[in-house]
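# Whatever this is, show me its structure:
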Amino acid sequence: MTAPAGWTQLRLKYTVLSIRNGVWGDEPTGDATNVRCIRAADFDRTHLKAVPDSAPYRRLTAAQLCQNALEMGDLVLEKSGGGDTQPVGLVVLFDDAETAVCSNFAARIRVRQGFDSRYLCYLHAHLYAAGINTKSIKQNTGIQNLDAGSYFDERVDLAPSAEQRVIADFLDRETEQIDALVAKKQRLIELLQEERTAVISHTVTKGLDPEAPMKDSGIEWLSRMPAAWEVRRLKQLTEFVTSGSRGWAEFYADEGPIFIRITNLDRKSVDLELSNVQHVNPPVGSEGERTRVRAGDVLVSITADVGTVGIVPDGLGAAYVNQHTALIRPQSSSVEPRWLALALHSGVGQRQFAALLQGGTKLGLNLDDVRNLIVPVPPLADQRRLMRHIDDAGERLGTLSATVSSALERLREHRSALITAAVTGQIDVGARKARRQAERP
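Model prediction:
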């Protein structure tokens, strides 16, 4: 691609006045001061900004602060960190008045006079999206490390100084408008999820008939419920409640039965998330059989992200649960498995999980906690009818959410493409036209 007339090809290092690696840990000294220390975790990776408000403090002497302090207009380079899905090498802009430094996993880039920091930040975002930074990553296993010297040796086409400012102003305006639309669509997705949650919670506590006779449930926080319903303990509705065995990592395999972990439970739905599964070759014997699931089993996380619920689908095949997951086998004569899962997933179940963990002294649930959970139980025929209502509403809201998510992804792609087009001269944002007009006799 040919650069516009008047643009200059330079190595990135000629845009840099200085590069200084960030600070290490606290220094034990009496005259030290607490200073915000920006890490890669404090990067706003969408808006390309460093965010001092969320950064932790480091203790630095006056001399250390003088050497390492960030100034408005500095760029901050992520030198170490990253991962398979997020490579190291993002550059963000520091434009905050609050005093801050960057951590040892980052580097302060001071821009040479004659270059616009905002334009360069957008340019680096284009290079990052294009994967230019990956050529300079010298370590790809574990923590990635970027060779800054190699990265800044890359050649790029740069707009003249005056045009850099115009391009940066243009991108500030356009991305702000795009970001406002993104925020609205993100909020819409949240509202759709809230509506889905509300439908489930209302249906599993009140049913669908507003004229149905009601009675006191006997549970203060559950209040009144349809007269034909019952309140039962989970242990009264199940054949058994158990959990997986410890130490099965030695049985991990590349194929074979699925080993269901907490990551396979989805906070937004009772349907399992099976896009990323671990396989296992379980030991022969009763311990393996005890933790083997079958269709209709209800699963609940009992350690991390306590209270996430899933249900084993038909056709899953051989699968087992790990020790962080409770395996609940419902009595088909008492409760529909999906109703039980929805009840635990709803506000009724989540309130109980939260109460069991209240005070922060308990890190997880034991199986007796699970067995004693309270479940509202309509007659079986009503359960099936109410489940269909919940599933129909979920499908409708899910379709709407998917449509909004698709539009959201297109906006993000447009934002990235717009940045690339502007910083590479594919679109004329006005500066060249104004220059040509000024040059006319």
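
# any idea of the mean pLDDT for the helix or strand hosting Glu163?
Glu163 is part of helix 161-206, with elements assigned from DSSP states H and E. Averaged across helix 161-206, pLDDT comes to 95.

# Quick one: residues in contact with the helix or strand that comes right after that helix.
Where DSSP H and E defines the elements, the next helix or strand beyond helix 161-206 is strand 214-216. Contacts with strand 214-216, where a contact means C-beta atoms under 8 Å, 6 or more residues apart in numbering, come from 223-227. Yep, even glycine has a C-beta here, placed from its N, CA and C like the rest.

# most surrounded residue in those residues?
Met225 (23 neighbours; other C-beta atoms under 10 Å).

# I figured it was touching Thr205, is that so?
Yes. Met225 lies in contact with Thr205 (C-beta atoms under 8 Å); the separation is 6.1 Å.

# anything in contact with each of these two?
Pro376.

# Please report how far the residue nearest to Phe251 when sequence neighbours are not counted lies from Glu98.
Residue nearest to Phe251 in three dimensions, not counting chain neighbours: Val280, with 4.9 Å by C-beta to C-beta, 6 or more residues apart in numbering. Per C-beta to C-beta, to the nearest Å, Val280 is found 50 Å from Glu98.

# Mind checking which of the two has more residues around it?
Between Val280 and Glu98, counted using other C-beta under 10 Å, the more crowded position is Val280 (23 against 11).

# Near Val111, how many other residues are there?
21.

# Contact partners for it?
Contacts of Val111 by C-beta under 8 Å, 6+ apart are 15-17, 73-75, 117, 120.

# can you pull the buried residues of stretch 312-326?
Residues of stretch 312-326 classed as buried by neighbour count (16 or more other C-beta atoms under 10 Å): 312, 316, 319-322, 324-326.

# biggest separation within those, which pair?
Greatest spatial distance among the buried residues of stretch 312-326 (C-beta to C-beta): Leu316 and His324, at 18.8 Å.

# Per the annotation, how does this structure divide into domains?
Under the assignment automatic domain parsing, the domains of the chain span 8-158, 167-212+379-441, 230-377.

# Just put these in CSV and tack on distance to Ile219.
Compiled in CSV, those are given as follows (distance: least, C-beta to C-beta, whole Å):
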stretch, distance to Ile219
domain 8-158, 40
domain 167-212+379-441, 10
domain 230-377, 6
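
# coming back round to it: so which of the contacts of Val111 sit within helices?
Among the contacts of Val111, the residues falling in helices (DSSP state H) are 117, 120.

# Not counting its own residues, what contacts the helix or strand hosting Leu123?
If you go by DSSP H and E, Leu123 is part of helix 117-129. Helix 117-129 is contacted by residues 15, 48, 73-75, 89-93, 111, 133, 154, 156, 158-159, 164-165, 167-168, 171-172, 416, 419-420, 422-424 when judged by C-beta under 8 Å, 6+ apart.

# Please pick the buried ones from the residues you listed.
15, 48, 74-75, 89-93, 111, 133, 156, 158-159, 164, 167-168, 171, 416, 419-420, 422-424.

# In strands, which of those residues appear?
Among the buried ones among the contacts of helix 117-129, the members falling in strands (DSSP state E) are 75, 91-93, 111, 156, 158.
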